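**Q** Need a 3D model of the sequence below.
(2 chains)
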Amino acid sequence: MDLSLSTRTVGDRTVVEVGGEIDVYTAPKLREQLVELVNEGNYHLVVDMEGVDFLDSTGLGVLVGGLKRVRAHEGSLRLVCNQERILKIFRITGLTKVFPIHTSVDDAVAATD
Amino acid sequence: MATVELRFSALPEHVRTARLVAVAVARRAGVDESVLDEVRLAVGEACSRAVSLHQRGGLDGAVRVGLTDLEKRFLIEVEDEAGPAGLPPVGSAAEEMGEDAEDALGLAVITALVEDVEVTSGAKGGLIRMSWGLAPDSLEL
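**A** Numbers count the residues shown, from 1 in each chain, chains lettered A, B, ... in the order given. Okay, the predicted model is just below:
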């Protein structure tokens, strides 16, 4: 399965819905999408990972890159994920301390801290 | 020789194929279902790293994935042809990490996931050897 990306605006947040596999081949597409959104002035991003089947360190690197970009504009990057096998990768790399991870898009959109 | 051996041009689009093949062979060898996600991720990380080393060095060449059923263990070897690439530090300084540090992060994922892992040098580059135990009752199937 390839990577699927779609974006929508909810209030002042931009929700990026990601589906499929994020790996060394597909991660550049996600990077482009995040860079484009930030360049267009969207600094509060919610990345919905509920449709992601596979994530590796290349994908993690892209998410960290996105976080750095939005933070440069006082923005935020929140993740939505309930899948244990994906959450595990964030835990073993220590990235659960770096990203706010929410159980639903509504929750992520409502979060302000 | 390996039970199944795969050799692919060091390009990102082939890493998924390597993951699929590795998991299929691991399942057949009797690696527990609960561990297959780890096998998938570890092989993916090792192959991504190999591909990245080739690309960064502007090198052609291939990545070899050896999948060997050793009766009690299942061995996966991922070998690149990227020359004597130094072993990057393995740390958890995730917050400091830039996109260039994916390599170190990939190795950190592998070492966190796989109990038996060895990063060494092969004939033409780096070699990552990883193995998993096989459930005893699956050996006779």
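
**Q** which strands and helices sit next to the strand ranked longest in chain A?
**A** Using DSSP state E to define each element, chain A has its longest strand at strand A:44-55. In this structure, strand A:44-55 packs against strand A:13-22, helix A:27-39, helix A:57-71, strand A:76-80, helix A:84-92, helix A:105-110, helix B:33-56, with contacts taken as 3 or more CB pairs under 8 Å, 6 or more residues apart in numbering or on different chains; DSSP states H and E. Every residue, glycine included, has its C-beta placed from N, CA and C.

**Q** Throw the ones you listed into JSON lines and include mean pLDDT, distance to B:Leu113 and mean neighbour count, thanks.
**A** Formatted as JSON lines, those follow (pLDDT from 0 to 100; distance: least, CB to CB, whole Å; neighbours: other CB atoms under 10 Å in any protein chain shown):
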{"stretch": "strand A:13-22", "mean pLDDT": "98", "distance to B:Leu113": "17", "mean neighbour count": "20"}
{"stretch": "helix A:27-39", "mean pLDDT": "98", "distance to B:Leu113": "19", "mean neighbour count": "17"}
{"stretch": "helix A:57-71", "mean pLDDT": "97", "distance to B:Leu113": "11", "mean neighbour count": "23"}
{"stretch": "strand A:76-80", "mean pLDDT": "98", "distance to B:Leu113": "20", "mean neighbour count": "22"}
{"stretch": "helix A:84-92", "mean pLDDT": "95", "distance to B:Leu113": "7", "mean neighbour count": "17"}
{"stretch": "helix A:105-110", "mean pLDDT": "96", "distance to B:Leu113": "27", "mean neighbour count": "17"}
{"stretch": "helix B:33-56", "mean pLDDT": "95", "distance to B:Leu113": "5", "mean neighbour count": "22"}
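
**Q** Take the ones you listed and lay them out in CSV including distance to B:Ala108.
**A** As requested, those are exported to CSV (distance: least, CB to CB, whole Å):
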stretch, distance to B:Ala108
strand A:13-22, 17
helix A:27-39, 17
helix A:57-71, 8
strand A:76-80, 19
helix A:84-92, 8
helix A:105-110, 26
helix B:33-56, 9
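
**Q** Which residue ranges of chain B form strands?
**A** Per DSSP E, chain B carries strands over the ranges B:4-9, B:62-69, B:73-79, B:116-121, B:126-133.
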